[in-house]
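>>> Fold the stuff below for me.
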Amino acid sequence: MRIVLCVRGVVTQTKDQICGICSHPTVTIGMRTPPGAEDAKEVFFVLNKEIRKNEHALRKIVALSLLSAMSNVFGKYLAIPWGDIMRFSLESMPIFFAGFVFGPLEALAVATVADLVGCLLVGYTINPLITLGGVILALVGALVYRFCQMLPAPLRTGLSVMLGHTAGSVIVKTIGLSAYMGIGLWELMAWRLFNYTIVAILDGVVVFILMKSPVPDLATGKKIEKRTEKKTQEDAPLTYESALAYIHSSNRPFFKPGLERINALLDIFGHPEADLAVIHIGGTNGKGSTSSMLASVLQSAGYRVGLYTSPFILDFNERIRVDGVNIPNEDLVRYTEELRQASRCLSEAPTEFEIITAIAFRYFKDKKCDYVVLEVGLGGRFDATNVIKSPLLSIITGISLDHTAILGDTVEKIALEKAGIIKSGRPILFGGGALHAARATIHEEATKRKSPFYDVDRNALTIRERSLKGCVFDYKALQNIKISLLGTYQPYNAITVIDAVEILRANGVFISDRDLYHGLEHAEWMGRFEVLSRENPLVIFDGAHNAEGIGVAVQSIRTYFGEEKVYVLTGVLRDKDYKAIAETISTVAERAYTITPQNPRALEASTYATMLGYYGTKARAFADEDISIAFACAYREAKRDHRPLIVLGSLYTYADIYHALESIRDEETKNDF
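Predicted structure coming up:
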């Protein structure tokens, strides 16, 4: 399959000169679909990711080459002789700098290349022990710096440089020079110990200044302007609005996966996550509801509980909560200001999610939370929340195909990524059921880490009663458990919480059955088969956003409404399997109203409407109109025809729908008077 690009920016698979989606002219790109892209709709993501990765690698090579050259300049041309065999030189400083900014292997490369090139320039014979000494200096310095993140920055830098010089310069290189020059080992080592104590102090000071100064970022290619005395807009104190603007400005679609950036941010805060008792919850669907219910149970037991979730629904601050209360604006501003000032000297700018995660950890520690329920953002292995070293419990709610361009194109590959939250020796609970395709992968990873593995027994669940007011069920020895959260999937999330409570009890957390019942019944979670209006028309919002989630939502519609057809207002992202979503929705929808969510990855409403029409649902597209207009139309027609109105497809539309419904209610109230 060759890639065809529409002039409007749409990637299509048509072989003609006209786009099969929007009927605009197309241009053929002379290459085949790259590995990692299931189909053409994922091509842009994969291509850009590869381009960014190559650009980053090129910049890194250039930076490391410059550092190798600097080492030779300092060592061969700017060294200060001291006696016949001693000299003061900063030739090791670029090696340490490479190790601290890039990592141990990069520092090793700089040390080795600098030594080999230096010998060629001066005409010395290569001495293996001298080269080995440089390698050991680089590795020891970089590894100490990496594993001493809890130390204050000056002490961390000084200790790394001092130990690197001791191992490489004072011990290994001295042995090599003693054999080469015929000087007594201990005499030479005594002189070099004195010499390199001074050199280590100089290296440490220079590297520390470089690490903390706003120098050009060679690793990322980002130009950092030289600071001036004059106040700039960037220096102005943050308000709540400017703090949010700063956080959102860090949102970028392409970044190098890894935990280095979040660790650097937490280094600024003194690693607050190390002092938190965390329950870490991942999975494709259900992790938000599970997190909310578990937090409610812990609160009912009298504990102070931090809850971290994403995305937000109405208010940005709801992502970070303590005992159900959002983080105050002033605290969010204060923590953001601290990170903004300190992160200017980081080698790579943090992402939006990393900034929010670091702020959450700091806030939870400052509020002295007894427990923190931590929801994974995306995947698991490289998610910013995965800096947690030893959680009380890790939970994986279930696995399905989602974000396949990032996490993998099979359930097993995605499961492997999400299993990255399993920590050595710590219990892991899998909520997907014993027959789930991902279970074997997760169990295998748990076995490798010697982590106790627990399954949720879905066969032990018995539904007693289900209505639009809630659900009553039995699970194992517990009877008449009530939950207020709607949706046929919520009882499965609830029994995951019940099993989690049992594991926590075994690990010393006191939770009574009364606390468990109370917490489950009073748990609240917006946007998950939530009834927004019980009058005519009945309005329900469900944020299901992928094929599996939509399938479960449609199952809930059938459960609550039987054979009655409903009206559906829906919008999805184009990187989802929108064909399968449209086919599933069409089985319960008599009419559909399609919208374009406020997201760069949104699927055009017209394309979505066409797909729904193909599967037999009468669909109307609101391509350019405001979402509130689409909702008003759907609301009016559902009310006229006495049909339930279900809003599906993306949590990004919740706020617009919520406010549109409020406006309609206000208007109806005025008309009543």
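
>>> Nearest to the spatial middle of this protein, which residue is it?
Centroid-nearest residue in the chain: Asp383, 3.9 Å away (criterion: C-alpha atoms, centre = their mean).

>>> where's stretch 606-624 relative to the chain centroid, distance-wise?
33 Å (C-alpha atoms, centre = their mean, to the nearest Å).

>>> Flag every buried residue along that stretch.
Within stretch 606-624, the residues scored as buried using 16 or more other C-beta atoms under 10 Å are 606-609, 611-613, 615, 617, 619-622. C-beta coordinates here come from the backbone N, C-alpha and C atoms, glycine included.

>>> Around Leu577, count how many other residues there are.
For residue 577 the amino acid is Asp, not Leu. The tally of other residues near Asp577 (other C-beta atoms under 10 Å) stands at 20.

>>> State the distance from Phe269 to Val552.
38 Å (C-beta to C-beta, to the nearest Å).

>>> So if I had to pick from these two, which one is more boxed in?
Set Phe269 next to Val552 and count neighbours by other C-beta under 10 Å: Val552 wins out with 22 against 18.

>>> Going by secondary structure, the more buried one is in what exactly?
In this structure, Val552 sits in helix 547-561 according to DSSP states H and E.

>>> which residues touch that helix?
284-285, 400-402, 466-468, 486-489, 529, 542-544, 566, 576-577, 580-581, 584-585, 587-588, 644, 646, 648-649 (C-beta atoms under 8 Å, 6 or more residues apart in numbering).

>>> Quick check: PyMOL command selecting the buried ones in those.
In PyMOL, a selection of the buried entries from those looks like this (16+ other C-beta under 10 Å):
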select buried, resi 284+285+400+401+402+466+486+487+488+489+529+542+543+544+566+576+577+580+581+584+585+588+644+646+648+649
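
>>> among the contacts of helix 547-561, which are in strands?
Among the contacts of helix 547-561, the members falling in strands (DSSP state E) are 466-467, 542, 566, 646, 648.

>>> Quick check on the residue nearest to Met189 when sequence neighbours are not counted: phi, psi?
Counting by C-beta to C-beta, 6 or more residues apart in numbering, Thr174 is the residue found nearest to Met189 once chain neighbours are left out, at 4.7 Å. Note on Thr174: backbone dihedrals following degrees, to the nearest 10 are phi -60, psi -40.

>>> these two touch, right, Thr174 and Leu185?
Yes - contact status for Thr174 versus Leu185: in contact at 6.9 Å, counting by C-beta atoms under 8 Å.

>>> okay, the two: which has more neighbours?
Per other C-beta under 10 Å, whichever of Thr174 and Leu185 has more neighbours is Thr174, with 24 against 12.

>>> Starting from Ala438, give me the distance back to that one.
Using C-beta to C-beta, Thr174 is found at 55 Å from Ala438.

>>> Could you name the helices and strands sitting against the helix or strand hosting Ala245?
Secondary structure from DSSP H and E places Ala245 in helix 240-249. Here helix 240-249 touches helix 329-342, helix 352-366, going by 3 or more C-beta pairs under 8 Å, 6 or more residues apart in numbering; DSSP states H and E.

>>> Tell me the helices and strands packed up against the helix or strand just after the last one.
Where DSSP H and E defines the elements, the next helix or strand beyond helix 352-366 is strand 371-375. Taking 3+ C-beta pairs under 8 Å, 6+ apart as the contact definition, the neighbouring helices and strands of strand 371-375 are strand 278-282, helix 287-300, strand 305-308.

>>> packing partners for the longest one?
Okay, so that is helix 287-300. Counting contacts by 3+ C-beta pairs under 8 Å, 6+ apart, helix 287-300 packs against strand 278-282, strand 305-308, strand 371-375, helix 490-506, helix 513-521.

>>> Can you report how many residues neighbour the closest residue to Thr617 other than its chain neighbours?
Using C-beta to C-beta, 6+ apart and skipping residues adjacent in sequence, the residue nearest Thr617 is Ser586, 4.3 Å away. By the criterion of other C-beta under 10 Å, Ser586 has 21 neighbours.

>>> residue contacts, Ser586?
Taking C-beta under 8 Å, 6+ apart, one finds 592, 612, 615-617 in contact with Ser586.

>>> and which of these is nearest to Val333?
The shortest gap between Val333 and any of the contacts of Ser586 belongs to Ala592, at 42.0 Å (C-beta to C-beta).

>>> So that closest one, which state does it fall into?
The local conformation at Ala592, judged by DSSP: H, G, I helix; E, B strand; the rest coil, is strand.

>>> hang on, it packs against Gly571?
No - the criterion here is C-beta under 8 Å, and Ala592 misses it with Gly571 at 10.4 Å.

>>> ok, back up a step: could the ones in strands among the contacts of helix 547-561 go into TSV alongside distance to Leu339 and pLDDT?
Below are these laid out as TSV (distance: C-beta to C-beta, whole Å; pLDDT from 0 to 100):
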residue	distance to Leu339	pLDDT
Arg466	46	93
Ser467	47	93
Asp542	35	91
Val566	45	95
Ile646	40	95
Leu648	36	91
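
>>> Would you format these as a markdown table with distance to Leu64 included?
Formatted as a markdown table, these follow (distance: C-beta to C-beta, whole Å):
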| residue | distance to Leu64 |
| --- | --- |
| Arg466 | 62 |
| Ser467 | 65 |
| Asp542 | 50 |
| Val566 | 60 |
| Ile646 | 56 |
| Leu648 | 50 |
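
>>> Out of those, which is nearest to Phe510?
Arg466 (31.5 Å).

>>> The closest one pairs with what?
Beta bridges link Arg466 to Cys471, judged by DSSP bridges.

>>> so who does it touch?
Applying C-beta under 8 Å, 6+ apart to Arg466 gives the contacts 472, 488, 559-560.

>>> Which residue is the nearest non-sequential neighbour of Ala580?
Nearest non-adjacent residue to Ala580, counting by C-beta to C-beta, 6+ apart: Ala547, 4.5 Å away.
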